[in-house]
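J.: Below are the sequence and a predicted model; questions follow.
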Amino acid sequence: MRIDEMIAAVQQELGIGVDGKAGPETWGAIYKKICKVTQAEMVQVVGALEPVDARSEKTIATLLPEVQPFARALVQKASANGMTIKILSGLRTYEEQDALYAQGRTAPGNKVTNAKGGFSNHNFGIAFDIGVFEGAKYLGDSPKYKAVGVLGMELGLEWGGNWKTIVDQPHYQLRPVWAANMTERDMLAELRARKASGKGAYS
């Protein structure tokens, strides 16, 4: 068996993207599997963090309590590595998501999402987007997004930079434990059902 076939087999077993290349997502998943780091333990590790900048905190407040410490941890971890990021987008209503989906289709602007209302993790308070800054200047395109992506995965977050359809480097989400082996489609269907019934995303 060739090395790329071995890596692909490992990736398939871990339930992550299969491309036969050992990148950050693969190593992070291997570490998590071997060291048995649970989501609850990760929350405990990052849960006592101090608030970050006011702009980020306003967005963080829209996220579910389980996700908030991870967003703060990413801002602080990036800072410790010489990068300034802010949390720019958090919870969106179905209506706000539909308005974004309309961009580049039935409304002016460029296409920014393939997800209608109810089909984005932002609609359930488990996802957030970051922006990279140099001083007060926002950088829409920077290699630092990849560097922050590695830090996010180290925290146990899923990173949109690993997506195969629309690559979304500013995007992060905290997958619930019950969805560990689910496809994104099935997880979103369950999240919609939970939201409709008033059941929590992480319960």
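T.: Nice, thanks for sending it over. Predicted model, so just to flag it, every value in this text is computed and none were measured.
J.: Let me know the next secondary structure element after the worst-scoring helix or strand of the chain on mean pLDDT.
T.: Across the helices and strands of the chain, mean confidence by mean pLDDT, DSSP states H and E is lowest for helix 39-46: a mean of 54. Counting by DSSP states H and E, the element after helix 39-46 in chain order, helix or strand, is helix 54-60.
J.: Now do the residue minimising distance to the centre of the chain against V67, distance only.
T.: With distances taken as Cα atoms, centre = their mean, the residue of the chain nearest its centroid is Y172 (1.6 Å). Distance, Y172 to V67, by Cβ to Cβ, to the nearest Å: 9 Å. From N, CA and C alone the C-beta is placed, and that goes for glycine too.
J.: just K33 next, same as before
T.: From K33 across to V67, the span is 22 Å (Cβ to Cβ).
J.: Which one's more surrounded, those two?
T.: Using other Cβ atoms under 10 Å as the criterion, K33 and V67 rank with V67 on top: 26 against 12.
J.: low-confidence ranges in the protein?
T.: 22-25, 27-29, 31-32, 35-49 (pLDDT under 70).
J.: Count the residues that sit near M1.
T.: Neighbour count for M1, taken as other Cβ under 10 Å: 7.
J.: Quickly find the element holding the residue nearest to it when sequence neighbours are not counted.
T.: Using Cβ to Cβ, 6 or more residues apart in numbering and skipping residues adjacent in sequence, the residue nearest M1 is A9, 7.8 Å away. In this structure, A9 sits in helix 3-14 according to DSSP H and E.
J.: Could you list the buried residues of that helix?
T.: Within helix 3-14, the residues scored as buried using 16 or more other Cβ atoms under 10 Å are 7-8, 10-11, 14.
J.: that older thread, need the residues touching each of Y172 and V67.
T.: Jointly contacting Y172 and V67 under the rule Cβ atoms under 8 Å, 6 or more residues apart in numbering are 127-128.
J.: List the backbone torsions phi and psi for N181.
T.: When quoted as degrees, to the nearest 10, the phi and psi of N181 stand at phi -110, psi 10.
J.: CA atoms of the longest strand along the chain as CSV?
T.: Criterion DSSP state E: the longest strand present in the chain is strand 127-134. Presented in CSV, the C-alpha positions along strand 127-134 are these (Å, rounded to 0.1, in the frame of the first residue of the first chain):
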residue,chain,number,x,y,z
ALA,A,127,-20.3,28.9,14.1
PHE,A,128,-18.4,32.2,13.8
ASP,A,129,-16.3,34.1,11.2
ILE,A,130,-13.1,36.0,11.9
GLY,A,131,-11.3,38.8,10.3
VAL,A,132,-7.5,39.3,10.2
PHE,A,133,-6.3,42.8,11.0
GLU,A,134,-3.0,44.8,10.8
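J.: same for that strand, what does it pack against?
T.: Applying 3 or more Cβ pairs under 8 Å, 6 or more residues apart in numbering; DSSP states H and E, one finds that strand 127-134 contacts helix 68-80, strand 84-89, strand 137-139, helix 144-154, strand 171-173.
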